[in-house]
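Peer 1: Pasting a predicted model and its sequence here:
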Amino acid sequence: MPERDEPAYDPLQPGEGEAIAPTGQGGPMDLALDEAESLEKTLGDDPSGPAEKARSLWSDAWHQLRRNPVFLVSSLLILFLVVIAIWPQLIASGDPLHCDLSKSQQGSSPGHPFGYDTQGCDVYTRTVYGARASITVGVCATLGAALLGSALGGLAGFFGGWGDALLSRIADIFFGIPVVLGGLVFLSVVTSTTVWPVVGFIVLLGWPQLARIARGSVITAKQNDYVQAARALGAGNTRMLLRHVAPNAVAPVIVVATIALGTYIALEATLSFLGVGLRPPTVSWGIDISNAASQIRNAPHMLLYPAGALSVTVLAFIMLGDAVRDALDPKLR
């Protein structure tokens, strides 16, 4: 029996500096100790804690894209096309403007795997050098239409009012213009042989689509709670638009612009085929396809290779746009 002035020993109430010792009899106290030790060991092994750090929209999209074979294949193909557009001499040592009429419409031969066209020019060399004009038109037109459309559509969607109504009516007018017919009328009076008139025409007719996408995305983003909280804390319109609305509204614009890039390349080839787009001496797939159309029975190789290069390029950009859309839209995962 303990003395009168000393309390009885209680194993559930350890003294100062003492730890609870297991009883060794498998009771509830031992189970609780085992669970505590397991939890402590788990937390000690994982320095980041029990919860994984949440990824942002862009990091999560990149995580998905790296595991998408469509994105990998299309990206490698586009990278190859961009490289040969910048440095075509890496895989084609000839001159695309050097022609020999004595070899007109001849088939493949050593050193000239694609044969010759009507003027005796090497089809392989012209196909390689034709990527430069098509890629330049597609990239520049997409950047111009995306920047102009995003700026006008974003401002109209954020501020609303009469500016929003005016932009919508102007966009409706441009939507009513047939693209090919507009190109025939607009480019027929241009005498320049560079790519910039074609780029300007595509931007002129391409920005309303991206402006409408940007407008709807901004209207959705500005209604979120974090934007309303920033407004309540006294943030100005410029800060809210650039720091809170634009980063969360740009994803749909990127998706549509990526898909539209392939469409713009096909549009340039169509206008060049009709004789109002790029003009000689510029080397373009559309020009070569136009020259080969009348000789398709006698020399089908003149049409096959530039048309095949155009189709593969357009398909690569469309595949890239589809992969980016799937990664940025959580509903499609």
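Peer 2: Received, thanks.

Peer 1: Stretch 101-114: which residues count as buried?
Peer 2: If you call a residue buried by 16 or more other Cβ atoms under 10 Å, then stretch 101-114 has these buried ones: 103, 105-106, 112, 114. C-beta: built from backbone N, CA, C; applies to glycine.

Peer 1: shouldn't Gly183 be in contact with Gly200?
Peer 2: No: look at Gly183 against Gly200 with Cβ atoms under 8 Å: they stay out of range, at 11.2 Å.

Peer 1: more neighbours, these two?
Peer 2: Gly183 (22 against 16; other Cβ atoms under 10 Å).

Peer 1: show me what contacts the more buried one?
Peer 2: Under the criterion of Cβ atoms under 8 Å, 6 or more residues apart in numbering, the neighbours of Gly183 are 201, 267, 270-271, 274, 276-277.

Peer 1: Reformat those as TSV; add distance to Thr136.
Peer 2: Below are the contacts of Gly183 laid out as TSV (distance: Cβ to Cβ, whole Å):
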residue	distance to Thr136
Phe201	14
Leu267	14
Thr270	17
Leu271	14
Leu274	19
Val276	18
Gly277	13
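
Peer 1: which of those residues are buried?
Peer 2: Neighbour-count burial within the contacts of Gly183 applies to 201, 267, 270-271, 276-277; the criterion is 16+ other Cβ under 10 Å.

Peer 1: So which residue is dead centre in the chain?
Peer 2: Centrality entry for the chain: nearest residue to the mean C-alpha point is Thr258, 4.3 Å, by Cα atoms, centre = their mean.

Peer 1: For that residue, what is the enclosing helix or strand?
Peer 2: In this structure, Thr258 sits in helix 251-273 according to DSSP states H and E.

Peer 1: taking the mean pLDDT, what do you get for whichever helix or strand comes after that helix?
Peer 2: Read in the C-terminal direction, the helix or strand following helix 251-273 is helix 285-293, with elements assigned using DSSP H and E. For helix 285-293, mean pLDDT is 91.

Peer 1: So which elements touch the following helix or strand past helix 285-293?
Peer 2: Elements were assigned by DSSP H and E; along the chain past helix 285-293, the next helix or strand is helix 301-328. Based on contacts counted as 3 or more Cβ pairs under 8 Å, 6 or more residues apart in numbering; DSSP states H and E, the elements that helix 301-328 packs against are helix 57-65, helix 69-86, helix 123-159, helix 251-273, helix 285-293.

Peer 1: Which of the residues in the next helix or strand after the longest one are classified as buried?
Peer 2: Note on helix 123-159: by DSSP H and E, the next helix or strand toward the C-terminus is helix 161-175. Taking 16+ other Cβ under 10 Å as the basis for neighbour counts, the residues of helix 161-175 that come out buried are 164, 167, 171.

Peer 1: Which single one of those residues is nearest to Gly149?
Peer 2: Checking those against Gly149 by Cβ to Cβ gives Ala171 as the nearest, at 9.1 Å.

Peer 1: from memory that closest one sits against Ile213, does it?
Peer 2: No: counting by Cβ under 8 Å, Ala171 sits too far from Ile213 to count as a contact (10.9 Å).

Peer 1: hang on, the earlier thing: for Ala230, which of the helices and strands packed on helix 301-328 is the nearest?
Peer 2: Shortest separation from Ala230 across the helices and strands packed on helix 301-328 is recorded for helix 123-159, at 12.9 Å, computed as Cβ to Cβ.
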